[in-house]
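In: Predicted structure and sequence below. I'll ask about it afterward.
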Amino acid sequence: MANTILVGAQWGDEGKGKIIDVLTEQADVVVRTQGGNNAGHTVHLKGQKYVLHLVPSGILRKGKVCVIGNGVVVDPVSLMTEIEGLRKLGVRINKNLFLSETAHVVFPYHRELDAQRETRKGRQKIGTTKRGIGPAYGDKAARTGLRVLDLIRPERFREQLAARIKENNEVLKAFGARPLSFKQVHEAYRQAGDYLAPFVTNTVVLLHEALRRGDNILFEGAQGTFLDIDHGTYPFVTSSNTTAGGACTGSGIPPHRMDRVVGVMKAYTTRVGGGPLPTENAEIADMLHAMGREFGATTGRPRRCGWFDAVATRHAAMVNGIDDLAITNIDGLDTMETLKVCIGYRCGRTRFDYVPSDVEVLSQCEPIYAEFPGWRTPTHHARKWRDLPPKARAYLKALAELTGANLAIASVGPGREQTIFV
Ligand code: GDP
Ligand code: IMO
Ligand code: MG
């Protein structure tokens, strides 16, 4: 399989968890390189549903090494709870999971500040997951963050945490929020630190050893291209580089050792949280929600839904260098009579064939649509390309062509077996 970066080509929740699970069969190592427990990656396996937040989705396959890389921000209490939850479901986690010593730690003041800033923004709020992701990456950039290697050194950690709580309590007070108790935070984080210590290592060295062995490494992207801090619909984004470059900086594996980029996208578009979504459409949202689909895996919020946006996915193919595409949730469109695909944006007299950087401009863009006939047949039983109705095949071919990448995987259900290699 070689070294593969998997990214979301839309606004997150493209079905990355499912595709990671499928591709892990051919991988030796699976690495998360950015984001935190804002991610929610769903894998359905033998009637059991798993939602992964910080632990790489590769953990569900035996004999694979999973790594939480240096670019991730880690809430240690949440990670401990996630590992315990997975163990209760019978997932073996022992010497197959590693946590980077230089990953930054998310603290309760990050979560509290995240919530306070959102409240102050009012209608302009980002709609964050309130997991403290933005403030934690903020501290990292400001060089005021604590890392996993600090967390697991009790004496040093006590001192550093005391100073950080003191400073952040001042900020919280200015927001009119309740200050945090050092004692409570310290106790919870020390316990989590002891629990996680056996997993902690220098993951850069570990990954380079894997490279020397000739192992296949799969980089599990979180969020999606248009939530990227540089390339997304700023400020309605997350705080990390969700695009392919983030896999290098977030792991310590250099760009020239990467062999392939896989872009995952839904056969339609969804977004959770605020910010522009040019192809948003009530009809498709109502249909999907009525089917019980498109509710957030992390927060349970209903996702906003719209037609497939090929302007956005073409832009994503450009920024990420996407070679191969995995198109998911094809079965979600089984009942539609006509399908629209956005092939351009019109904003006043200007036509865009890329995603404009200014969200004010993007918000005013009107999609230009092409129409495709629906197949109106259930697809969830399809296992081979030829099992798909001809109209579905034509639709998928068009999405890949408009995006400008090779169609490699088509997904017709959440299960591992509901996967077609094209
Ligand atoms: P991720 O964050 O990109 O991993 O995606 P999420 O897990 O948040 O959301 C994707 C949802 O779609 C999950 O509920 C998956 O189980 C589900 N899913 C993935 N692929 C398919 C598919 O082809 N068909 C159906 N029906 N569901 C899918
Ligand atoms: P996965 O990996 C979808 C969104 C939030 C919000 C914005 C900022 O499951 O695809 P944050 O908490 O990161 O500061 O929120 O980003 N967001 C996601 N949307 N999928 C995700 O992850 C997301 N992670 C963050 O809804 O709009
Ligand atoms: Mg998700």
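Out: Now that the structure is in, tell me what you want to look at. Ligands and ions are numbered 1, 2, ... in the order given.
In: what's the distance between Val73 and ligand 2?
Out: When distance is defined by CB to the nearest ligand atom, to the nearest Å, Val73 is 10 Å away from ligand 2. Every residue, glycine included, has its C-beta placed from N, CA and C.
In: Please save the CA atoms from the lengthiest helix in the chain in PDB.
Out: Secondary structure of the chain per DSSP state H: the longest helix is helix 154-174. Taking Å, rounded to 0.1, in the frame of the first residue of the first chain, the C-alpha atoms of helix 154-174 are listed here in PDB:
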ATOM      1  CA  PRO A 154       4.900  14.700  38.500                       C
ATOM      2  CA  GLU A 155       7.200  17.300  40.100                       C
ATOM      3  CA  ARG A 156       7.600  19.500  37.100                       C
ATOM      4  CA  PHE A 157       3.900  19.100  36.100                       C
ATOM      5  CA  ARG A 158       2.700  20.300  39.500                       C
ATOM      6  CA  GLU A 159       4.700  23.600  39.200                       C
ATOM      7  CA  GLN A 160       3.800  24.200  35.600                       C
ATOM      8  CA  LEU A 161       0.100  23.500  36.100                       C
ATOM      9  CA  ALA A 162      -0.100  25.800  39.100                       C
ATOM     10  CA  ALA A 163       1.300  28.700  37.000                       C
ATOM     11  CA  ARG A 164      -1.000  27.900  34.000                       C
ATOM     12  CA  ILE A 165      -4.100  27.700  36.200                       C
ATOM     13  CA  LYS A 166      -3.200  31.000  38.000                       C
ATOM     14  CA  GLU A 167      -2.800  32.800  34.700                       C
ATOM     15  CA  ASN A 168      -5.900  31.300  33.100                       C
ATOM     16  CA  ASN A 169      -8.100  31.900  36.100                       C
ATOM     17  CA  GLU A 170      -7.400  35.600  35.600                       C
ATOM     18  CA  VAL A 171      -8.600  35.300  32.100                       C
ATOM     19  CA  LEU A 172     -11.700  33.300  33.100                       C
ATOM     20  CA  LYS A 173     -12.500  35.900  35.800                       C
ATOM     21  CA  ALA A 174     -12.400  38.600  33.100                       C
END
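In: Centre of the chain to that helix, how far?
Out: How far helix 154-174 lies from its chain's middle: 30 Å, per CA atoms, centre = their mean, to the nearest Å.
In: contact partners of the helix or strand following it?
Out: Where DSSP states H and E defines the elements, the next helix or strand beyond helix 154-174 is helix 182-196. By CB atoms under 8 Å, 6 or more residues apart in numbering, the residues outside helix 182-196 that reach it are 76-77, 79-80, 83, 99, 105, 107-108, 148, 151-152, 154, 157-158, 161-162, 165.
In: how does it look with 7 Å?
Out: For helix 182-196, the external contacting residues (CB atoms under 7 Å, 6 or more residues apart in numbering) are 76-77, 79-80, 99, 107-108, 151-152, 154, 157-158, 161-162, 165.
In: before we move on, the earlier item: does anything pack onto the longest helix of the chain? Which helices or strands?
Out: Judged by 3 or more CB pairs under 7 Å, 6 or more residues apart in numbering; DSSP states H and E, helix 154-174 is in contact with helix 108-121, helix 148-151, helix 182-196.
In: For ligand 2, which of the ones you listed is the nearest?
Out: helix 108-121 (6.7 Å; CB to the nearest ligand atom).
In: So for the closest one, what gets flagged as buried?
Out: For helix 108-121, burial by neighbour count (16 or more other CB atoms under 10 Å) applies to Pro108, Tyr109, His110, Arg111, Glu112, Leu113, Asp114, Ala115, Gln116, Glu118.
In: From these, pick the one nearest ligand 3.
Out: Each of the buried residues of helix 108-121 was checked against ligand 3 using CB to the ion; the closest is Asp114, at 18.1 Å.
In: now that closest one: how far from Gly273?
Out: 13 Å (CB to CB, to the nearest Å).
In: where do the contact lists of those two overlap?
Out: Thr128.
In: Give me the phi and psi angles of the nearest residue to Gly321 once chain neighbours are set aside.
Out: Excluding the flanking residues, the one nearest Gly321 by CB to CB, 6 or more residues apart in numbering is Val261, at 5.1 Å. With angles defined as degrees, to the nearest 10, Val261 sits at phi -120, psi 120.
In: show me what contacts Val261?
Out: Ile5, Val7, Ala244, Asn320, Gly321, Ile322, Asp323.
In: Would you mind measuring from Arg376 to Leu339?
Out: In terms of CB to CB, Arg376 sits 11 Å off from Leu339.
In: okay, the two: which has more neighbours?
Out: Leu339 (23 against 13; other CB atoms under 10 Å).
In: In terms of helix, strand or coil, where does that one fall?
Out: Recorded secondary structure, Leu339: strand (DSSP: H, G, I helix; E, B strand; the rest coil).
In: Pull the number of nearby residues for Pro154.
Out: That count, for Pro154 with other CB under 10 Å as the rule, works out to 11.
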